[in-house]
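Asks: Attaching a predicted model along with its sequence, questions to come.
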Amino acid sequence: MTKTARAHTNIALIKYWGKKDAALRIPLMSSLSMTLDAFYTDTTIEKATGSSDFYLNGKKQTPANSKRVFAYIKKLQQRFDLKEENLVVKSTNHVPTSAGLASSSSAFAALAAAFCAFYNINADKTQLSRLARIGSGSASRSIFGGFSIWQKGDSDETSYAYVLDEHPQMDLHLLAIELDTKQKKISSTRGMKDAQSSPFFKPWIARNESELKQMIAAIKNDDFTALGKLAELNANEMHAINLTAQPEFTYFEPDTIRAIKLIETLRDKGIECYYTIDAGPNIKVLCQLRNIKEIIENFESEFNNVKIVSASFGPGVTYSD
Ligand code: ADP
Ligand code: DP6
Ligand code: CO
């Protein structure tokens, strides 16, 4: 018996960057994201005949690289009073892994869904979101399509994501500019822990509620300008915290700054676009349909052989067997 689930990545417009409880992944802030159609993970779970094994993109992973997956599965088996039996997990990322393009969001949403399907656990989407959250916080939002909100809550029971708008009509597109897709040195889990030493960490948390409210209003008013400006500000706040942590660190690379400068130039030319950046050097451009072509042309002429993926709203979790 095998069970397969697919989940899409999501990009946070109001970001999660700080935990209150690391083991349960209870965040210090609520976050809001857009699920993407272009990037996703397919994950299959089957009974093991021998040891537990984790295959990623067709390659058997080392025990060190499988640890997070099996620690997670063990947690879920304990939670549901299941026998701690060995399982084989086979996953394919249609997104670069560990490069700041949110592979952990689609990965743990797909894994939580495949786990429940495998064990016939009748979890509703709220419960699935809570289970995904335990694997990777951002995965709580990938259970849903369109725009979703992860309410921070203050316990396992109350910290989960829900849909703001599953099928948005908004003219909103995202161009993922893949500047550098090698594995980052500082995982998101580590980065957000280290960031708490910044003197700006408290102000960052204090701004969350009002930023979330403003973002919800921008979406409800179909106001691309307000959404883009606020998403860019929120991302820069997160990266400013990293740069002011003790010791400081940054996910930016020289090309990240070049890309930011290009976006500023495009705006000066009247092409409206904004950026957001996660825990990695790659930049995502928020724009509207009429400007996609020109923005891509500009990035292609500024960066040699850069891969650009155009995305818009994607669906929530789906199953294929
Ligand atoms: P990202 O920016 O890609 O989300 P993170 O540091 O948040 O980077 O998470 C990367 C980690 O997520 C990987 O080291 C791995 O443990 C886990 N991961 C990524 N893809 C998968 C997958 N398909 N199945 C299980 N775990 C995965
Ligand atoms: C910058 O969800 O990857 O992408 O919970 O430790 O697995 P863990 O972290 P993760 O962090 C995502 C951080 C972010 C912002 C966001 O997606 O909200
Ligand atoms: Co991640």
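Replies: Yep, it's here. Ligands and ions are numbered 1, 2, ... in the order given.
Asks: how about the nearest residue to F54, chain neighbours excluded?
Replies: S66 (3.8 Å; Cβ to Cβ, 6 or more residues apart in numbering). Bear in mind the C-beta positions are built from the backbone N, C-alpha and C, glycine included.
Asks: Kindly state the pLDDT recorded for D321?
Replies: For D321, the pLDDT comes out at 79.
Asks: My read is that Y274 contacts E232, right?
Replies: Yes - between Y274 and E232 there is a contact under Cβ atoms under 8 Å: 4.4 Å.
Asks: shared neighbours, the two?
Replies: When contacts are counted by Cβ atoms under 8 Å, 6 or more residues apart in numbering, Y274 and E232 are jointly contacted by L286.
Asks: All the strands of the stretch 51-200 of the chain, in order from the start?
Replies: 53-56, 59-60, 87-94, 147-151, 160-165, 173-178 (DSSP state E, counting those that start in this stretch).
Asks: Adding mean pLDDT, distance to ligand 3 and mean neighbour count, write those out as a markdown table.
Replies: Converted to a markdown table, those look like this (pLDDT from 0 to 100; distance: least, Cβ to the ion, whole Å; neighbours: other Cβ atoms under 10 Å):
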| stretch | mean pLDDT | distance to ligand 3 | mean neighbour count |
| --- | --- | --- | --- |
| strand 53-56 | 98 | 15 | 18 |
| strand 59-60 | 98 | 20 | 10 |
| strand 87-94 | 98 | 12 | 20 |
| strand 147-151 | 99 | 13 | 22 |
| strand 160-165 | 98 | 15 | 20 |
| strand 173-178 | 98 | 14 | 22 |
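Asks: mind putting those strands in CSV, distance to ligand 1 included?
Replies: Below are the strands of the stretch 51-200 of the chain laid out as CSV (distance: least, Cβ to the nearest ligand atom, whole Å):
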stretch, distance to ligand 1
strand 53-56, 6
strand 59-60, 12
strand 87-94, 4
strand 147-151, 15
strand 160-165, 16
strand 173-178, 12
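Asks: Among those strands, single out whichever gets nearest to T250.
Replies: When these are compared by Cβ to Cβ, strand 173-178 sits nearest T250, at 17.5 Å.
Asks: list the helices and strands the closest one packs on?
Replies: With contacts taken as 3 or more Cβ pairs under 8 Å, 6 or more residues apart in numbering; DSSP states H and E, strand 173-178 sits against strand 31-47, strand 283-287, helix 292-302, strand 307-311.
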